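S.K.: quick one: sequence and predicted model below, then my questions.
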Amino acid sequence: MQLTDYLILLFIVLILLYAIYDELIMPRLNGPTQLKILLQRRTKLDSVIFIGLLAILLYQNLRVQGPQLTTLLLMALGAMAIWLFWVRAPKLLLKEHGFFFANVFITWDRISAINLSEDGVLVITLENRRLLIYVRKLDDLETIYKFMLESR
């Protein structure tokens, strides 16, 4: 195996570890999930660029008749990238003592303000930063707001 194959394999393993954390571990951390809200995807252009670059690498490897292992690893990485960017949905997991947003747990006591913008974005102000939560369905905003007020 070449260094390129090792690097591609490393990225595949990292994506697999992230998938396990995102789908299996995170819902069980910090207590049971009481409310799960699906969020909008935000990085469609980045994902198209990444998958396009992978397609170019795959085409180049096939054109020069490169190692078959590299071809298989590139195809596996492409399939995992499609899962990561297009199949998997970002989510907001609300728990008893806080919530998971962008794979980070935030406790209720860190919230200093909760606002709703005119275009339907929930803005949560923390000590040092603001979180912008874009939900798929506008009805979920009211559900989130009520849950947060009851939990605090």
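M.R.: Received the coordinates, thanks.

S.K.: lowest-pLDDT helix or strand in the chain?
M.R.: Least confident helix or strand, the chain: helix 139-151 with a mean of 82, by mean pLDDT, DSSP states H and E.

S.K.: shaky segments in the protein?
M.R.: Within the chain, the segments meeting pLDDT under 70 span 43, 152.

S.K.: quick check: buried residues in the biggest helix by length in it?
M.R.: In the chain, taking DSSP state H as the definition, the longest helix is helix 44-63. Buried residues in helix 44-63, counted by 16 or more other Cβ atoms under 10 Å: 50-51, 54, 57-58, 61. Quick note: C-beta positions are derived from backbone N, CA and C, even for glycine.

S.K.: can I get these in CSV including distance to residue 142?
M.R.: Listed next are these as CSV, based on distance: Cβ to Cβ, whole Å:
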residue, distance to residue 142
50, 35
51, 36
54, 40
57, 46
58, 45
61, 51
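
S.K.: and the residues you listed, which two are the farthest apart?
M.R.: For the buried residues of helix 44-63, the maximum inter-member distance is 16.6 Å, found between 50 and 61 (Cβ to Cβ).

S.K.: with adjacent residues omitted, what lies nearest to residue 44?
M.R.: The shortest distance from residue 44 to any non-neighbouring residue, by Cβ to Cβ, 6 or more residues apart in numbering, is to residue 85 (7.6 Å).

S.K.: hmm, back to that, the helix or strand that comes right after the longest helix of the chain versus helix 44-63: what angle between them?
M.R.: Sequence-wise, the next helix or strand downstream of helix 44-63 (DSSP states H and E) is helix 68-82. Angle between the axes of helix 68-82 and helix 44-63 is 170 degrees (criterion: axes from the mean of the first three to the mean of the last three Cα atoms, to 10 degrees).
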